[in-house]
Each structure stands twice: as structure tokens, then as C-alpha cells.
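**Q** here is the input, now give the coordinates:
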Amino acid sequence: MPKLKREHSELKRVHSKVLQMVLHQLYSNLSALAKLKRNGRKVGRLRFKGDGWFKSFTYNQSGFKVIERCGKRRELWLSKIGAIPIVLHRDLEGEIKQVHIKREHSGRWFACFGVKVKDTPRADKISKPVGIDLGIEHYIADTNGNFVEHPHTITKSEWRLKREQRRLSRKKRGSKNRAKHCIKLARVHERIRNRRLDFLHKLSHHYVNSYDFIAVEDLDVKKLIEMAYNGKNRADAAWATFLHMLTYKAARAGRWVMKVEPRGTTNKCSKCGEIVKKPLWVRIHQCPKCGLELDRDLNAAWNILQDGLKQVGREPTEFTPVEIGPLLIRASPVIETGSPVF
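**A** Down below sits the predicted model:
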């Protein structure tokens, strides 16, 4: 890097830590590609990112500072750039270790702070356990009988995506009108992503605040999306993102999150352990051995909770079946997006 700075004077206008992080990113990508090649994967060369393609940079350890102004005004000072007015969505807690600056395709700029905080130790006593089953018809079914409806974020905005994509396809490549419309299309995608993340943040926050032990499925989401049917709805569900949010929020709040093997949780009877095989379109679990009858997702949620408690050496809670109707089971009102419960 010092040699490059002597040869290219324009590099001196960039903070040294930013240049170091770019080099770190480059060599991390090279090592990852080399590992894939050793494993037999077909790997191409790194492509040069020209003007307009490199959309983020990182200040690590130094070169940045959050400045408090009068009132609620705040500024982010960046070395070699200066002070920039910012809006913090919440107060920063802990020691700021780095700032990642990124520009979205829609043209908006964001600063992501990496903050070092101490996680709360997990409580030894488990008093409020819950098991969660993830699905398509119901996004969540838990052992308390709550059913969270799937938000279907893409389906609700699909007409707008199609409209903007058609308009973009009519623009001449390389023209300014095409570049402007690319931003319009990017904002539609950004709105869809924001709605999905809003739903997932509220849902994970609700479960972490309400329960001290959460048992979930250890899903291989990538393989589920690659299945021959319903791939769009599976991708729209963003199960991996929800499980990630649930895990880090629980660690910060001192809660338990236990991931269990999902295989067999639907067919196994949660009361007697009998295997009752049923196709996907059969939504009611009916056990011929013990006579248990309830929603198949609710049955899976109870199996997940029992397996999760066994992993930590606790006795599974006593099973109390939920009273159901002939077709649809709702032990409590459906939790909907934006509900005050969050």
C-alpha cells in the first residue's frame, strides 16, 4: 500500500484504514475462491468493478466520530470527508468499533455501526418455554396456539415490480432515462425488503420479550428454496433471516434459543410418539393410537419444544391439547403485522 500511494497520489485522499479494509476484502475473496476451487467448484476470475459499482467502504477502529450538536442533531465525522448530518434510529450503546458506509441502488446512503456490547448471561431457570414451527400457510405456529399469518410481501407488490420492469425494458440501454428508471425499480425492491424486515424484527422481538426458552427448527433454507415447487414463497418467507434475528436478540437478552432437527416433527404424534404419515395437503393431525386431533403445524411445534427441552436436560412440559374446531384451529387470536403486541 505505501508503494501504491507513492505511485498514485489520489490514494492519499482516502483514509488509510479504508484502504486496508479494501485490501482485506480483496484477499478474503481470493482465498474463498481458492478454497472453492480446491473443492472442485468451477471458479472464474474476479471482475473489475468500475465507476458506479463499488458501493461501500469501511472505517475500522479509527477515522470516525459521532458528534452531538444542539438539540437532537448529530453528525458523523469521517476522516478525509468531513462532518455529515445523520439521523440515528436509536441511541448507540457500547463501544463503536467500526462504521460501514454503503449506498443502496436507490441512491440512499446508510451508515452501519459495529458496536461492542456485552451479552446478558442466560438464565438457569426456564419458566416460559415455547416451540415454534415455521411454514407457508401459517408463517408461525407455536405451542401456545398462536398462528402468525404469512405476510406474502412479494405477492402483494408483484404488480408494481412487473410494471416497473416492463417500463425499464423499453428504455434504451446506456441512456439517462434507463439509469433513472433503474433507481425507480430499485426503490420498489427496497420497499419490499423494508416491509419484510419490519415484519421479521417485530415478530422476533415479540418472542424474545415474551419467552425465556425458544425451540425452533434447524432448517436448511437453501435446499428448501431449491425444491421443485413453491420456491418463491419460501424465499419470500426469509426463514434464515428470522432465525438469525431470533438468535442474536436472544443472546443479547439472556434468553435460550435451541435449534432441533426438523425431520420427523410433523409426522410424529406429540402426545404418544406414534408416527402418522400424512401428505402436505392434509392439515389436521389425527393419531389412531391416542386419538389426538389438532393442526399439523401445532403438533410439530409441540414436538420441537419437547426435543429442545431434552437437549438442555430438562423434562418436556406436560402436554395439554388445545381445543379445536372441525376444520381450523385457533387457540388464540392471530398475531398480525403491526399489532400492538409487538
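
**Q** just the helices in the protein please.
**A** 2-7, 16-38, 153-169, 176-210, 221-225, 231-237, 239-253, 296-311 (DSSP state H).

**Q** buried set for the longest one?
**A** Neighbour counts using 16 or more other Cβ atoms under 10 Å place 181-182, 185-189, 192, 195-196, 199-200, 203-204, 206-208, 210 of helix 176-210 among the buried residues. C-betas here are computed from N, CA, C, even on glycine.

**Q** try the second one
**A** Of all the residues in helix 16-38, those buried under the rule 16+ other Cβ under 10 Å are 16-19, 21-22.

**Q** now the residues you listed in a markdown table, with distance to residue 38?
**A** Shown next, in a markdown table, are the buried residues of helix 16-38 (distance: Cβ to Cβ, whole Å):
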| residue | distance to residue 38 |
| --- | --- |
| 16 | 33 |
| 17 | 31 |
| 18 | 31 |
| 19 | 29 |
| 21 | 26 |
| 22 | 25 |
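
**Q** nearest to residue 252, of those residues?
**A** Using Cβ to Cβ, residue 21 comes nearest to residue 252 of these, at 25.7 Å.

**Q** doesn't residue 56 make contact with that closest one?
**A** No: counting by Cβ atoms under 8 Å, residue 21 sits too far from residue 56 to count as a contact (9.8 Å).

**Q** isn't residue 66 up against residue 96?
**A** Yes: with the criterion set as Cβ under 8 Å, residue 66 and residue 96 qualify as a contacting pair; they are 7.2 Å apart.

**Q** just the strands in the stretch 51-200 of the chain please.
**A** Taking DSSP state E, counting those that start in this stretch as the test, the strands found in the stretch 51-200 of the chain are 56-60, 64-68, 74-78, 82-86, 95-103, 109-116, 129-134, 138-142, 147-149.

**Q** tabulate these (JSON lines), appending mean neighbour count and mean pLDDT.
**A** As requested, those are exported to JSON lines (neighbours: other Cβ atoms under 10 Å; pLDDT from 0 to 100):
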{"stretch": "strand 56-60", "mean neighbour count": "19", "mean pLDDT": "91"}
{"stretch": "strand 64-68", "mean neighbour count": "14", "mean pLDDT": "89"}
{"stretch": "strand 74-78", "mean neighbour count": "17", "mean pLDDT": "91"}
{"stretch": "strand 82-86", "mean neighbour count": "12", "mean pLDDT": "91"}
{"stretch": "strand 95-103", "mean neighbour count": "15", "mean pLDDT": "91"}
{"stretch": "strand 109-116", "mean neighbour count": "12", "mean pLDDT": "90"}
{"stretch": "strand 129-134", "mean neighbour count": "25", "mean pLDDT": "88"}
{"stretch": "strand 138-142", "mean neighbour count": "24", "mean pLDDT": "86"}
{"stretch": "strand 147-149", "mean neighbour count": "19", "mean pLDDT": "85"}
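
**Q** any idea how far the closest residue to residue 233 other than its chain neighbours is from residue 184?
**A** Closest residue to residue 233 apart from its sequence neighbours, by Cβ to Cβ, 6 or more residues apart in numbering: residue 136 at 5.4 Å. Distance from residue 136 to residue 184, counting by Cβ to Cβ, to the nearest Å: 31 Å.

**Q** roughly how far does the residue nearest in space to the middle of the chain sit from residue 134?
**A** For the chain, residue 241 is the residue whose C-alpha lies nearest the centre (Cα atoms, centre = their mean; 1.9 Å). From residue 241 across to residue 134, the span is 12 Å (Cβ to Cβ).

**Q** quick one: contacts for the closest residue in space to residue 103 that isn't next to it in sequence?
**A** Residue nearest to residue 103 in three dimensions, not counting chain neighbours: residue 55, with 4.7 Å by Cβ to Cβ, 6+ apart. Residue 55 is in contact with 102-105, counting by Cβ atoms under 8 Å, 6 or more residues apart in numbering.

**Q** these: which two are farthest apart?
**A** Among those, 102 and 105 lie farthest apart (Cβ to Cβ), at 10.6 Å.

**Q** next up, the contacts around the nearest residue in space to residue 108 that is not next to it in sequence.
**A** Distances taken as Cβ to Cβ, 6+ apart place residue 190 nearest to residue 108, at 7.7 Å, with adjacent residues excluded. The neighbours of residue 190, taking Cβ under 8 Å, 6+ apart as the test, are 104-106, 108.
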